[in-house]
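K.L.:
The following comprises the amino acid sequence and a computationally predicted model.
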Amino acid sequence: MTVSDWKSHKAKCKVVAADIAQADSHELHKREFDRIRTKYGLTSPQQAEKIANLLANTDANEGVSAPKFAEMFGMTTTEAVVFLEWIKVGIKFKEETLDTAKKAGLS
């Protein structure tokens, strides 16, 4: 293996390692999201609708703050941050998937 081969290999390994770390991070975040959802009874369709309406309410284009969300559902601010951030991950994934589908002419 030459030096240039090693540099190329090392760069590829860093990308793979970053992908693995991201996947592990998503898995841990999803697990914590599910724990919070269960702990505070946010699993019912009624609660899901309440949260969706709250997040979709764009009256002032402000959304909902983590402290306000925490207060509304009786959780800690840290739990609210984790919960809301996971929802952002899902929205970002949906947007990226739709963009990819549009570029491929599938939608």
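P.N.:
That came through fine. Numbers count the residues shown, from 1 in each chain.
K.L.:
CA only for contacts and neighbour counts going forward, please
P.N.:
Noted.
K.L.:
low-scoring stretches of the chain, by residue?
P.N.:
1-6, 9, 19, 23, 58-62, 101, 107 (pLDDT under 70).
K.L.:
Please tell me how far the spatially most central residue of the chain sits from residue 22.
P.N.:
For the chain, residue 89 is the residue whose C-alpha lies nearest the centre (CA atoms, centre = their mean; 2.1 Å). According to CA to CA, to the nearest Å, residue 89 and residue 22 sit 12 Å apart.
K.L.:
do residue 41 as well
P.N.:
If you go by CA to CA, the gap between residue 41 and residue 22 works out to 28 Å.
K.L.:
do residue 69 as well
P.N.:
Counting by CA to CA, the gap from residue 69 to residue 22 is 26 Å.
K.L.:
higher neighbour count, the two?
P.N.:
The residue with more neighbours, out of residue 69 and residue 22, is residue 69; 21 against 12, by other CA atoms under 10 Å.
K.L.:
quick one: contacts for that one?
P.N.:
Residue 69 sits next to 77, 80 when contact means CA atoms under 8 Å, 6 or more residues apart in numbering.
K.L.:
just the one 10 residues further on next, same as before
P.N.:
Under the criterion of CA under 8 Å, 6+ apart, the contact list for residue 79 reads 36, 70.
K.L.:
and if you look at the one 3 residues further on?
P.N.:
Taking CA under 8 Å, 6+ apart as the criterion, residue 82 is in contact with 29, 32, 33.
K.L.:
what's the helix or strand for the second one?
P.N.:
Taking DSSP states H and E as the definition, residue 32 sits inside helix 3-39.
K.L.:
Measure how far that helix is from the centre of its chain, please.
P.N.:
The chain centre lies 14 Å from the centre of helix 3-39; the measure is CA atoms, centre = their mean, to the nearest Å.
K.L.:
What residues of it count as buried?
P.N.:
Residues of helix 3-39 classed as buried by neighbour count (16 or more other CA atoms under 10 Å): 29, 30, 32, 33, 36, 37.
K.L.:
Now do the first one against residue 85, distance only.
P.N.:
Read it as residue 29. Look at residue 29 and residue 85: by CA to CA, they are 9 Å apart.
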